[in-house]
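> with the input below, show me the fold.
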Amino acid sequence: MSPVPANTLTEATTAIEDVSSRIEDVFARVGQELGRGHLIFKELNQGLATLSGELSGAEIEGAGTALQEIAARLSELAQALPAESALLETIGKSTAEASSLLKPLFKHIGMITIIARSARIEAASLDGDREGFLAFTQEAYDLGRAVQRSIEGCARDQQRLSEAVATASGRQKEFESRYRAQLVSESAKLGAAYSGLRDQRSKSSHLADRASASTRKIAEAVGSAIISLQAGDSTRQRLEHVSHGLGLASESASSLVPETVPSDDGVGAICRLQAAQLRDAQREFGGDVGQIVGALTAILHDAGVVGHGRTLFGGEEGGSSSFLTRIKQTLAHASTLIATCESAGRSVDEALAIVEDTLTKFRQAIAGLAEATVDITLIGMNAGLKASHLGSRGSAFVVIANELKATADQVSAGAGRLRPVLDGIERSANELKELRVQGDPTQLAKLEPQILQALREVEAGNERLGKLMSRLVDEGAEFERLMNSAQGLMTRLGESSAALPAVATRLETASAGAQRLQPELQDQAILDDLFARYTMERERDVHREFLQAVGLKSIAATRRVEAVETADDGIELF
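The predicted structure is shown next:
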């Protein structure tokens, strides 16, 4: 048979050496990128763990506690506003009622002083014990004037109270209409921020666990890929062996070493053998490339935990956490609203102070009024009894004394009607005071340091999270770039190596001849030399299978089989 055309051998050798050089270059680059990528991901995992720790740290926990407490206080204040307005309105109505009850008292007390003056005139006309009657009437007059001054003071206090309550009620209603919705909204936002923070802390722990698991999986995948990369050197050696074999086949044309030049059948056998080796090497190499690409795909999938981290912490590309920024803004709004509450609540507190002061004066005045009316009644009764002993001369004085007693009774009845109104004002004031304790601006103002501390903690957390997120984003992008690059290199290498079966087909076509090859003695030696060069058992297996398929024998291949069988025979089983 005719030797294989030289250009076919040259082209095959060139194609094989091209793939071999690509394997060496690509596997070296992929190995470097895998190593660098694995190191980066370890750092990313540490960064994610640090991020998780940030949201579980004492600083952020303190901010969370402040959020919860401030939200509760604002909610209480918002809920108390309608009740405060209603109580102020009740106090205003009761104050107006007290004012209406004071007017008859003025009239009756005025009547006492008028009656006392009339009694004094009548007493002056009496004979006998005139001085005693004058003393009675003077005492009644003095008591009446004292009570009148006391009630006049109450009237002034009542007017001041009415004005203060009206002012407080108006401001309270205005504040309620303008800010209650904001109080409810800010309370809800703070509550949501607290829940979100607690949720983030829970998710951050889950993220840290997932990142740790991903790191382990990536380490396993990288280890698997690196092991698979060793197949690159094996494949490169096999391709070198194939190129060497094709070089031996091409020497038949030059005849530089006649004693080792293969015969035509030998050339055909060598070409077919190298075609078989090419097919097997490419098949195994394709599987290795597939494993590496699959490992890289798994790595990229698990590396997505970095993206989850960015989503979890609200960070944008290259930016800091917007989640904590929103908390900071909400706290700032709450602080401003609390200051507004403090300013708006002063009028209510002032009104409460006036209510308390006025009630004290009212009760003192009513107590004095009760004592005075008893005394006036007794004076009138004693004067009337004494005047009745004078007969017709004292009858006029008796009438005046009875009138004095009747007027005193009316004053006492008026005071009795005023007392429950004052009790109602006191009850409403006490209820309002209790509400003010819950939402007292001075109490809310005490939250200011807590808010400021929470803000400082959030700001510090933002700064640290910002740096961590920037690093995670940058290193995460670098990791993904490295893995994508490695994946692309391996994919293209796989596509390039896919051309090897076509080279094998051309070799087989070019070496097609007789159905049974009849290599000569030197061909046998060349085949044995090729066998001796093999460094992998797979090459030897392909060699043996090929010889068996074409009906050839190789002394070296046979010796290898015999050696294995002899080794096996030396083992005794008991």
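
> going forward, measure contacts between C-alpha atoms and count neighbours the same way
OK.

> neighbours of G551, just the number please.
Per other CA atoms under 10 Å, the neighbour tally for G551 reads 11.

> show me what the longest helix belonging to the chain is packed against.
If you go by DSSP state H, the chain has its longest helix at helix 130-254. Using 3 or more CA pairs under 8 Å, 6 or more residues apart in numbering; DSSP states H and E, the elements in contact with helix 130-254 are helix 6-56, helix 58-124, helix 264-303, helix 305-312, helix 322-388, helix 521-533.

> now do the buried residues in the last one.
This points to helix 521-533. 522-528, 530-531 (16 or more other CA atoms under 10 Å).

> quick one: which of those is nearest to Q291?
Taking CA to CA as the measure, F531 is the one of those closest to Q291, at 28.9 Å.

> check the offset of stretch 536-544 from the chain's centre.
Here stretch 536-544 is found 61 Å from its chain centre; the criterion is CA atoms, centre = their mean, to the nearest Å.

> now swap in stretch 88-95 and tell me
That offset, for stretch 88-95, works out to 46 Å (CA atoms, centre = their mean).

> likewise for stretch 342-362?
When C-alpha coordinates are averaged (CA atoms, centre = their mean), stretch 342-362 and its chain have centres 43 Å apart.

> buried stuff in it?
For stretch 342-362, burial by neighbour count (16+ other CA under 10 Å) applies to 342, 344-349, 351-356, 358-359, 361-362.

> hmm, back to that, closest to A298 among the buried residues of helix 521-533?
F531 (39.0 Å).

> what pLDDT does the nearest residue to that closest one once chain neighbours are set aside get?
In space, F531 comes closest to R540 once its chain neighbours are excluded; the distance is 6.5 Å by CA to CA, 6 or more residues apart in numbering. Per-residue confidence (pLDDT) for R540: 91.

> so R540 sits against D529, correct?
No. With contacts counted by CA atoms under 8 Å, R540 stays clear of D529, the gap being 11.9 Å.

> where does pLDDT dip in the stretch 101-250 of the chain?
Within the stretch 101-250 of the chain, the segments meeting pLDDT under 70 span 123, 125-130, 132-133, 197, 200-201, 203-205, 207-216, 218-219, 228, 231.

> if we go to 90?
101-240, 242-250 (pLDDT under 90).

> ok, the chain next?
In the predicted model, the chain carries pLDDT under 90 at residues 1-240, 242-419, 421-530, 532-536, 538-539, 545-574.

> before we move on, the earlier item: which of the buried residues of helix 521-533 sits closest to G287?
Distances from G287 to the buried residues of helix 521-533, taken by CA to CA, are shortest for F531, at 24.4 Å.

> so which of the helices and strands packed on helix 130-254 gets nearest F546?
Ranking the helices and strands packed on helix 130-254 by proximity to F546 (CA to CA) places helix 264-303 first, at 6.4 Å.

> tell me the angle the closest one makes with helix 6-56.
Counting by axes from the mean of the first three to the mean of the last three CA atoms, to 10 degrees, helix 264-303 lies at 10 degrees to helix 6-56.

> helices and strands around helix 264-303, which ones?
Using 3+ CA pairs under 8 Å, 6+ apart as the contact test, the elements touching helix 264-303 are helix 130-254, helix 447-497, helix 500-510, helix 537-550.

> now do the buried residues in it.
264-283, 285-286, 288-293, 295-300, 302-303.

> how about the helices and strands packed on helix 130-254 in JSON lines, adding distance to T407?
Shown next, in JSON lines, are the helices and strands packed on helix 130-254 (distance: least, CA to CA, whole Å):
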{"stretch": "helix 6-56", "distance to T407": "78"}
{"stretch": "helix 58-124", "distance to T407": "6"}
{"stretch": "helix 264-303", "distance to T407": "97"}
{"stretch": "helix 305-312", "distance to T407": "82"}
{"stretch": "helix 322-388", "distance to T407": "9"}
{"stretch": "helix 521-533", "distance to T407": "140"}
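
> so which of those helices gets nearest F136?
That would be, of the helices and strands packed on helix 130-254 and by CA to CA, helix 322-388, which comes in at 6.4 Å.

> give me the next element, helix or strand, following that closest one.
Downstream of helix 322-388, the first helix or strand assigned by DSSP states H and E is helix 395-439.

> list the buried residues for stretch 498-514?
Buried residues in stretch 498-514, counted by 16+ other CA under 10 Å: 498, 500-501, 503-508, 510-512.

> swap that for stretch 24-43, sorry
Within stretch 24-43, the residues that qualify as buried by neighbour count (16+ other CA under 10 Å) are 26-27, 29-31, 33-34, 37-38, 40-43.

> output the residues you listed in a markdown table; the columns should cover distance to K189.
Below are the buried residues of stretch 24-43 laid out as a markdown table (distance: CA to CA, whole Å):
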| residue | distance to K189 |
| --- | --- |
| V26 | 55 |
| F27 | 55 |
| R29 | 52 |
| V30 | 50 |
| G31 | 51 |
| E33 | 46 |
| L34 | 46 |
| G37 | 41 |
| H38 | 41 |
| I40 | 38 |
| F41 | 36 |
| K42 | 37 |
| E43 | 35 |
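
> who wins for proximity to E431 among the helices and strands packed on helix 130-254?
Closest approach to E431 among the helices and strands packed on helix 130-254 (CA to CA): helix 58-124, 7.7 Å.

> report the angle between that closest one and helix 6-56.
Using the same axes, to 10 degrees: helix 58-124 against helix 6-56 is 30 degrees.

> packing partners of helix 58-124?
The helices and strands touching helix 58-124, judged by 3+ CA pairs under 8 Å, 6+ apart, are helix 130-254, helix 395-439, helix 447-497.

> okay if I get the ones you listed as TSV plus mean neighbour count?
Below are the helices and strands packed on helix 58-124 laid out as TSV (neighbours: other CA atoms under 10 Å):
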stretch	mean neighbour count
helix 130-254	19
helix 395-439	19
helix 447-497	19
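
> ok, which of those comes nearest A98?
Across these, closest to A98 is helix 395-439 (CA to CA), at 6.3 Å.

> who touches the nearest residue to V293 once chain neighbours are set aside in this structure?
Distance criterion CA to CA, 6+ apart; nearest residue to V293, sequence neighbours excluded, is Q487 at 5.7 Å. Neighbouring residues of Q487 by CA atoms under 8 Å, 6 or more residues apart in numbering: 293, 296-297.

> out of those, who's nearest E475?
The closest of the contacts of Q487 to E475 turns out to be L296 (CA to CA; 17.3 Å).

> tell me the contacts of the closest one?
Counted by CA under 8 Å, 6+ apart, L296 has contacts 221-222, 225, 483-484, 486-487.

> quick check: the gap between it and Q548.
40 Å (CA to CA, to the nearest Å).

> then A124?
163 Å.

> before we move on, what about R160?
Noted for R160: a distance of 123 Å to Q548, by CA to CA.

> same check, this time on G380
G380 is 151 Å from Q548, by CA to CA.
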